[in-house]
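Enquirer: structural data only, the sequence is not supplied:
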């Protein structure tokens with residue numbers, strides 16, 4: 001009796017299901033990306049009612065940007081990102097470690113998880129308007145400080161460099177530390193409890209366990225958090241845009257790269273905007289590559305290092 005050994009291939013259904021994503025990506029992401037790169041090599045802007053171009057000018061847009069204030073705005077973006085990200089990752093790591101530690105027996109942990117995630121659900125524009133109102137010269141923060149005698153006259157938070165940058169960093173921290181905490185909690189919960197139990201039997205304290213067990217084992221999620229944060233930092237726009245009314249005050253010290261890009265788009269200078277977008281794409285790719293290389297472990301179990309050591313001993 002013959003048996004039918006013909007296998008049924010279901011792979012075509014997988015390709016069919018992922019086809020809408022690739023079609024959407026091609027139409028709404030890949031084609032605009034190629035078009036942006038193409039425009040970056042052209043002189044294309046509007047002067048009054050007159051439209052100039054598109055005229056091919058090669059690398060002139062890129063050279064002009066290097067001679068502009070782009071590098072200054074890149075420094076502003078880096079400073080604003082560091083102010084917001086450093087406390088974000090530190091607080092997120094601490095909260096994630098505390099919430100998953102069964103020995104602490106934190107009551108109402110689910111409630112606190114919801115609370116710390118809530119700011120992530122608020123629109124950045126609404127958040128910026130709230131802080132603009134609270135920290136204005138006639139706002140409630142100055143009123144409270146004056147009423148308790150801490151200050152004699154209102155503090156111009158939005159008129160000083162440190163005040164504006166601190167507010168932008170504080171808002172970015174409040175909006176995103178909850179999301180980072182949830183992701184890091186999931187990473188820590190994925191570690192086998194047997195590892196922690198073995199470390200306790202070996203006399204490992206909480207600090208040693210955190211730095212020598214938890215951090216190395218959640219390295220992939222840390223890499224993801226860092227990479228998405230770097231990309232988000234380079235794309236920082238809405239908070240400083242609304243808080244400073246698009247001016248980057250004071251003296252453009254809170255002007256970010258995307259705000260600079262937006263100014264070119266508003267003036268219809270598509271060639272310069274395209275060149276700046278390409279610069280951002282290249283910088284974000286380089287930074288993400290370095291972050292990945294720093295946080296990625298090519299030898300998680302130590303087998304490669306042991307093999308190299310054994311080869312050296314054999315040669316010796």
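Expert: Alright, I've got the coordinates. Worth saying up front: this structure is predicted, and the values here are computed from it rather than measured.
Enquirer: so how far does stretch 45-61 reach from one end to the other?
Expert: Chord length of stretch 45-61, first to last residue, is 12 Å (Cα to Cα, to the nearest Å).
Enquirer: tell me who's in contact with residue 171.
Expert: With contact set as Cβ atoms under 8 Å, 6 or more residues apart in numbering, residue 171 has these partners: 84, 124, 127, 128, 131, 239, 243. (C-beta placed from N, C-alpha, C; glycine too.)
Enquirer: wasn't it part of a helix?
Expert: Yes. Assessed by DSSP: H, G, I helix; E, B strand; the rest coil, residue 171 belongs to a helix.
Enquirer: quick check: the nearest residue to residue 40 once chain neighbours are set aside vs residue 192, distance?
Expert: Nearest non-adjacent residue to residue 40, counting by Cβ to Cβ, 6 or more residues apart in numbering: residue 274, 3.5 Å away. Distance, residue 274 to residue 192, by Cβ to Cβ, to the nearest Å: 49 Å.
Enquirer: what does residue 157 give?
Expert: Counting by Cβ to Cβ, the gap from residue 157 to residue 192 is 48 Å.
Enquirer: more neighbours: which of those two?
Expert: residue 157 (21 against 9; other Cβ atoms under 10 Å).
Enquirer: tell me the confidence at that one?
Expert: Here, the pLDDT recorded for residue 157 equals 90.
Enquirer: any weak-confidence spans in the stretch 201-316 of the chain?
Expert: Filtered on pLDDT under 70, the stretch 201-316 of the chain yields the residue ranges 297-316.
Enquirer: where do the strands sit along it?
Expert: Here the stretch 201-316 of the chain has no strands by DSSP state E, counting those that start in this stretch.
Enquirer: all helices for it, in order.
Expert: 206-209, 215-217, 219-234, 238-243, 257-266, 270-295, 303-315 (DSSP state H, counting those that start in this stretch).
Enquirer: buried set for the first one?
Expert: In other words, helix 206-209. Within helix 206-209, the residues scored as buried using 16 or more other Cβ atoms under 10 Å are residue 209.
Enquirer: what packs against it?
Expert: Where contact means 3 or more Cβ pairs under 8 Å, 6 or more residues apart in numbering; DSSP states H and E, helix 206-209 is packed against helix 193-201.
Enquirer: so which residue is smack in the middle of this protein?
Expert: residue 229 (1.6 Å; Cα atoms, centre = their mean).
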